[in-house]
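> got a predicted model here, sequence first, then my questions.
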Amino acid sequence: MVRRRDRKTAAVTPWLAAAAIAGTAFMPAPARAQTPAPLQEWQYSAGVPLEKMMAPNIPTWQVAVGAAAAFQPRYDGADRYHFEGGPSIDIRYSDLYFASTGEGFGANVAQGQNWRISLAVAYDLGRRGQDDDEHLHGLGDINPAPELKLAADYVVSQSFPLVLRADIRRSFGGSNGWIGDVGAYLPLPGSSKTFFWFAGPSLTFADSKYMNSWFGVNDTQAANSQYSYYHASAGLKSAGFGVSAIWFFQKHWFAACDFALEQLVGSAARSPITQRSSNGVLDLSINYEF
């Protein structure tokens with residue numbers, strides 16, 4: 001999990017220590033910024049909106065690189081887990097442009113002291129039948145596809161640094177559907193100049209194209225698989241909660257950790273493809289900040 005921060009502005013209140021240090025995001029594998037996983041969407045950019053409010057003199061360039069690993073379900077709704085590894089990269093220029101394995105490639109197209117609107121291109125690796133042939137045989141693959149993401153963050157106030165976040169994403173290929181999230185998170189007490197953490201919930205919604213790509217069974221798939229025809233309706237897909245933390249163990253070196261739980265609901269939970277409606281994920285990374 002690559003995260004930004006300005007450690008010189010850390011001692012305001014126990015909450016604001018975390019906010020002042022701020023942070024960005026982590027992804028367990030290359031170009032896996034928005035591939036479905038129990039990780040909450042706000043965790044890909046946790047702390048970024050707080051940095052401008054708490055540390056307005058942001059450096060022109062901010063660069064951090066590292067190595068990451070994740071333990072997560074093989075696909076959304078799976079009952080089997082696996083490890084993934086890859087680089088963790090976060091590059092930001094002048095609080096305008098960013099290239100991140102968490103947020104994707106994008107820009108802040110509008111912003112103020114306590115809010116920002118960003119537009120980014122991310123990538124979804126989809127789902128392969130070989131990930132779990134026992135349960136996915138005959139369903140075909142959900143192809144990898146680029147995504148366009150519009151997101152907005154709003155910080156309530158400096159004295160109460162609750163971050164409200166909403167995003168909407170559209171894949172071009174793959175599911176060819178729309179999916180979005182609403183969430184909130186807060187820096188937690190116990191933070192310091194070398195350790196800080198965030199926590200918060202989120203809800204995920206999706207249209208019928210997305211839901212049926214991941215959780216539906218069409219006539220062709222029903223004929224080729226063990227499942228009967230199933231139509232997944234648009235609406236609330238899941239609810240979740242996440243915790244993200246970062247620890248500086250040397251001047252430029254830091255370790256980051258994300259933990260999240262997700263509960264599929266509605267059509268996603270009732271789908272015959274769903275083997276387990278509750279899933280979790282644990283991401284760990286070691287990073288160097290230049």
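That came through fine.

> could you export stretch 67-79 as CSV, CA atoms only?
What follows is the C-alpha trace of stretch 67-79 in CSV, where atoms were taken according to Å, rounded to 0.1, in the frame of the first residue of the first chain:
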residue,chain,number,x,y,z
ALA,A,67,6.7,-4.7,-3.1
ALA,A,68,3.3,-6.0,-2.0
ALA,A,69,1.5,-9.2,-1.3
ALA,A,70,-2.2,-10.0,-0.7
PHE,A,71,-4.2,-12.9,0.6
GLN,A,72,-7.7,-12.7,-0.9
PRO,A,73,-10.5,-14.7,-2.6
ARG,A,74,-9.8,-16.1,-6.1
TYR,A,75,-12.9,-14.1,-7.3
ASP,A,76,-15.8,-12.2,-5.9
GLY,A,77,-17.9,-14.7,-4.0
ALA,A,78,-15.3,-17.5,-4.0
ASP,A,79,-14.7,-19.8,-1.0
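
> what about that stretch, distance to the chain center?
Relative to the centre of its chain, stretch 67-79 is centred 13 Å away, using Cα atoms, centre = their mean, to the nearest Å.

> how about it: buried residues?
With burial defined by 16 or more other Cβ atoms under 10 Å, the residues of stretch 67-79 counted as buried are Ala68, Ala69, Ala70, Gln72, Pro73, Arg74, Tyr75, Asp76, Gly77, Ala78. Yep, even glycine has a C-beta here, placed from its N, CA and C like the rest.

> looking at the residues you listed, which are in strands?
With strands identified by DSSP state E, the entries of the buried residues of stretch 67-79 that belong to them are Ala68, Ala69, Ala70, Gln72, Pro73.

> beta partners of the first one?
When assigned by DSSP bridges, Ala68 has beta-bridge partners Gly86, Ser285.

> go on, the last one?
Beta-bridge partners of Pro73, counted by DSSP bridges, are Tyr81.

> from Gln275, how far out is it?
Here the distance between Pro73 and Gln275 works out to 9 Å (Cβ to Cβ, to the nearest Å).

> also Thr204?
If you measure Thr204 against Gln275 using Cβ to Cβ, the figure is 19 Å.

> please list all residues in contact with Asp167.
Neighbour list for Asp167: Glu41, Lys149, Leu150, Ala151, Ala152, Gly180, Asp181 [criterion: Cβ atoms under 8 Å, 6 or more residues apart in numbering].

> most neighbours among the residues you listed, which one?
Neighbours here mean other Cβ atoms under 10 Å. Within the contacts of Asp167, the largest count is held by Glu41, at 27 neighbours.

> fine by me, we can end here.
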